[in-house]
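Student: Build me a structure from this.
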Amino acid sequence: MSFDQLNLIEPILRALKNEGYTTPTPIQEQSIPLVLAQNDLLGCAQTGTGKTAAFAIPILQLLSENHVNSKGPRQIRSLILTPTRELAIQIEESFKAYGKFLGLRHLVIFGGVGQKPQTDALQRGVDILVATPGRLLDLMNQGYISLQHLKIFVLDEADRMLDMGFIHDVKKIVAKLPHRRQSLFFSATMPDEIQKLANTILVKPMKVEVTPVSSTAETIAQTIYFVDKGNKKDLLKHVLDDKSIISALVFTRTKHGADKVARDLAKSGVKAEAIHGNKSQNARQRALTNFKSRIIRVLVATDIAARGIDIDELSHVINFELPNVPESYVHRIGRTGRAGSSGIAISFCDEEEKAYLKDIQKLIGKSVPVTDGHPYPLVETTIPQAKPQQRNTHTRMARTGDGGKSPRGGSWRGNRQGGPRQGRG
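Tutor: Down below sits the predicted model:
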């Protein structure tokens, strides 16, 4: 099927052609007709499936066909709510690309920057608003934003909203929306709390489910390098010596780890920057822009900071540290191999991370191939025999490095079920 067969108007088809789009992805093929028919939609799709276009294209068409002629400023007729600044910017860029021949106005707002340019644009009038929850509520409370004319509402990355603690804000915003509206709800996973939220937002929704979160794209070649923890830095440099790796997105579990990896790479002559929640909004956007424009070769990120990053032709994702939540592995490597393109996902696994690897392989339903013969193989170390009266203490220290106590108590494997998740970027 081509986009020509989806009953799209000529200005949108022309814009898609300019962007090089010819064939819709499965979620676009299924969702666009349903949204054009003004159904509520429940979309279960992981990042990398093309879901932004799946809602942006039909929204542009519906608003264009129902253009309101008014002498006053334009009113917000569509709101897209998304968890991070990076994703909000990318969604607004998509609306700009697909709607370049339509004359509709769109705006993105987010926190961490001065509000005046945003409020000035709001006062001039916009048709489509893309927003993060905190800044949206703030400007609503100040009286800069009214949603009484809203026709179409999109909640994107609902499960990440839950992870980041935004669900309460989302509920406040939904309570301010007109009762009569079209609502589109997208989430990569559907835990009970997200399903309950969907039930309060949607009315008789059509459901589209594409590529469950437990699966990885067949276009992504995956491999594991077993390596001692202390040698990961050198192994990463060795991997990046391959000049065919034009750009790589490297994942760590923690913000501190991301900074350290970026510094180590820079010292070795590899242009790299880190992106995570402790960075200022301007620094995060600058790093992302530098990466997209190939000014830097490597972007080092935590899971939350990288969710929704959409980078064309990203060839490699490297898991410097395996995630302790297996679903995060699927989201991470989904940054490459997007929309049918090929990609390579390389993961480093040390002794302590073998339990994480086992969980990942159980989730995706297959074993990840192992790359042998690299210069830094995992060494099966032998624990020295201690004196009898000290044996138990020395053995525990060798296993946990903490005198018998793993972080937050319990076993290393237990950390995934127990204490808070690591790497909240």
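
Student: separation between the residue nearest to Ile364 when sequence neighbours are not counted and Ile109?
Tutor: Spatial nearest neighbour of Ile364, excluding adjacent residues (Cβ to Cβ, 6 or more residues apart in numbering): Thr216 at 5.4 Å. In this view, the C-beta of every residue, glycine as well, is placed from N, C-alpha and C. Distance, Thr216 to Ile109, using Cβ to Cβ, to the nearest Å: 34 Å.

Student: which non-adjacent residue is nearest Thr119?
Tutor: Tyr144 (4.9 Å).

Student: looking at it, the one you found is touching Asp120, isn't it?
Tutor: No: at 9.8 Å, Tyr144 does not count as touching Asp120 under the criterion of Cβ atoms under 8 Å.

Student: Which parts of the chain belong to which domain?
Tutor: 3-210, 220-381 (automatic domain parsing).

Student: could you dump these to JSON lines with mean pLDDT and mean neighbour count?
Tutor: JSON lines is the format used below for the domains of the chain (pLDDT from 0 to 100; neighbours: other Cβ atoms under 10 Å):
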{"stretch": "domain 3-210", "mean pLDDT": "91", "mean neighbour count": "18"}
{"stretch": "domain 220-381", "mean pLDDT": "88", "mean neighbour count": "19"}
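
Student: Please confirm that the residue nearest to Ile364 is located within a helix.
Tutor: No: checked against DSSP: H, G, I helix; E, B strand; the rest coil, Thr216 lies outside a helix; its state is coil.

Student: show me what contacts it?
Tutor: Gln222, Val330, Ile333, Gly334, Ala345, Ile364 (Cβ atoms under 8 Å, 6 or more residues apart in numbering).

Student: which helices and strands does the helix or strand harbouring Leu62 pack with?
Tutor: In this assignment (DSSP states H and E), Leu62 forms part of helix 51-65. Helix 51-65 is packed against helix 10-18, helix 26-36, strand 41-45, strand 78-81, helix 85-98, strand 128-131, strand 152-155, strand 182-187, with contacts defined by 3 or more Cβ pairs under 8 Å, 6 or more residues apart in numbering; DSSP states H and E.

Student: How far does the first one sit from its chain's centre?
Tutor: Same thing as helix 10-18. How far helix 10-18 lies from its chain's middle: 27 Å, per Cα atoms, centre = their mean, to the nearest Å.

Student: ranges for the strands of this structure?
Tutor: 41-45, 78-81, 106-109, 128-131, 152-155, 182-187, 206-210, 220-226, 248-251, 272-275, 298-301, 316-319, 343-349 (DSSP state E).

Student: Does anything pack onto the fifth one? Which helices or strands?
Tutor: This points to strand 152-155. helix 51-65, strand 78-81, strand 182-187.

Student: Ile152 contacts Leu60, correct?
Tutor: No: with contact defined as Cβ under 8 Å, Ile152 and Leu60 do not form a contacting pair (10.3 Å).

Student: Make a markdown table out of the helices and strands packed on helix 51-65 and add distance to Leu139.
Tutor: Below are those laid out as a markdown table (distance: least, Cβ to Cβ, whole Å):
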| stretch | distance to Leu139 |
| --- | --- |
| helix 10-18 | 29 |
| helix 26-36 | 27 |
| strand 41-45 | 27 |
| strand 78-81 | 12 |
| helix 85-98 | 14 |
| strand 128-131 | 8 |
| strand 152-155 | 17 |
| strand 182-187 | 21 |
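
Student: among the ones you listed, which is nearest Thr254?
Tutor: helix 85-98 (18.8 Å; Cβ to Cβ).

Student: What are the contacting residues of the closest one?
Tutor: Under Cβ under 8 Å, 6+ apart, the answer for helix 85-98 is 12, 15-16, 18-19, 52-53, 56-57, 59-60, 80, 82, 104, 106-112, 128, 130-132, 156-157, 281, 284-285, 288, 305, 307-310.

Student: Dump the helices and strands packed on strand 152-155 into JSON lines; add distance to Asp350 as well.
Tutor: Formatted as JSON lines, the helices and strands packed on strand 152-155 follow (distance: least, Cβ to Cβ, whole Å):
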{"stretch": "helix 51-65", "distance to Asp350": "34"}
{"stretch": "strand 78-81", "distance to Asp350": "39"}
{"stretch": "strand 182-187", "distance to Asp350": "32"}
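
Student: Please name the residues that touch the residue lying closest to Pro73 once chain neighbours are set aside.
Tutor: Nearest-residue entry for Pro73: Gly125, 3.1 Å, with adjacent residues in sequence omitted and distances by Cβ to Cβ, 6+ apart. Contacts for Gly125 (Cβ under 8 Å, 6+ apart) come out as Gly72, Pro73, Arg74, Gln75, Arg105.

Student: Please convert those residues to JSON lines, extending it with distance to Asn324.
Tutor: Supplementary listing: the contacts of Gly125 in JSON lines, determined by distance: Cβ to Cβ, whole Å:
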{"residue": "Gly72", "distance to Asn324": "53"}
{"residue": "Pro73", "distance to Asn324": "49"}
{"residue": "Arg74", "distance to Asn324": "46"}
{"residue": "Gln75", "distance to Asn324": "46"}
{"residue": "Arg105", "distance to Asn324": "43"}
